[in-house]
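K.L.:
sequence unavailable; structure follows:
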């Protein structure tokens, strides 16, 4: 079963550093990374930057549309026009099926602010003690969200499936 986790870091480059750690763990077969994206928000920017981590992902990766829509819902929704808002609302309804509801979107929007970053990652088969050890240190990330049931994972893939 794959697990979606969203981690907040207290620096704009924390999620990028964590992505590099994930890459090392994946190469050592200590975790399977199905897909991942980093949102970084430097202090001097008006909005965050999204980067999908193609180098980490294997078969069955979600589309860029998923990450773009999720980040759009999280950080751009208050600024978008009615047409984009309607499309986001339709996708947002699909996200509710996988546990990403309005409350979670609101919470992430409030907590990921300028000067911070976030790592959105879909993983499985983690050797938990080794993963925990790799992320130990003074700048511990904050877990904002976790877990997908198999049905929720399938619903996520269906919402953002390529036509």
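P.N.:
Thanks, I have it. These figures come from a predicted structure and were not determined experimentally.

K.L.:
in this structure, what helix or strand scores lowest on average pLDDT?
P.N.:
Every helix and strand of the chain was ranked by mean pLDDT, DSSP states H and E. The lowest is helix 82-96, at a mean of 46.

K.L.:
now do the strands in this protein.
P.N.:
3-9, 32-41, 49-52, 116-124, 142-146 (DSSP state E).

K.L.:
TSV for the ones you listed, including mean neighbour count and mean pLDDT?
P.N.:
(Glycine included, C-beta is placed from N, CA and C.) Putting the strands of the chain into TSV (neighbours: other CB atoms under 10 Å; pLDDT from 0 to 100) gives the following:
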stretch	mean neighbour count	mean pLDDT
strand 3-9	20	88
strand 32-41	23	88
strand 49-52	16	85
strand 116-124	23	90
strand 142-146	13	84
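
K.L.:
output these as JSON lines; include the columns distance to residue 72.
P.N.:
Converted to JSON lines, the strands of the chain look like this (distance: least, CB to CB, whole Å):
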{"stretch": "strand 3-9", "distance to residue 72": "15"}
{"stretch": "strand 32-41", "distance to residue 72": "11"}
{"stretch": "strand 49-52", "distance to residue 72": "9"}
{"stretch": "strand 116-124", "distance to residue 72": "13"}
{"stretch": "strand 142-146", "distance to residue 72": "17"}
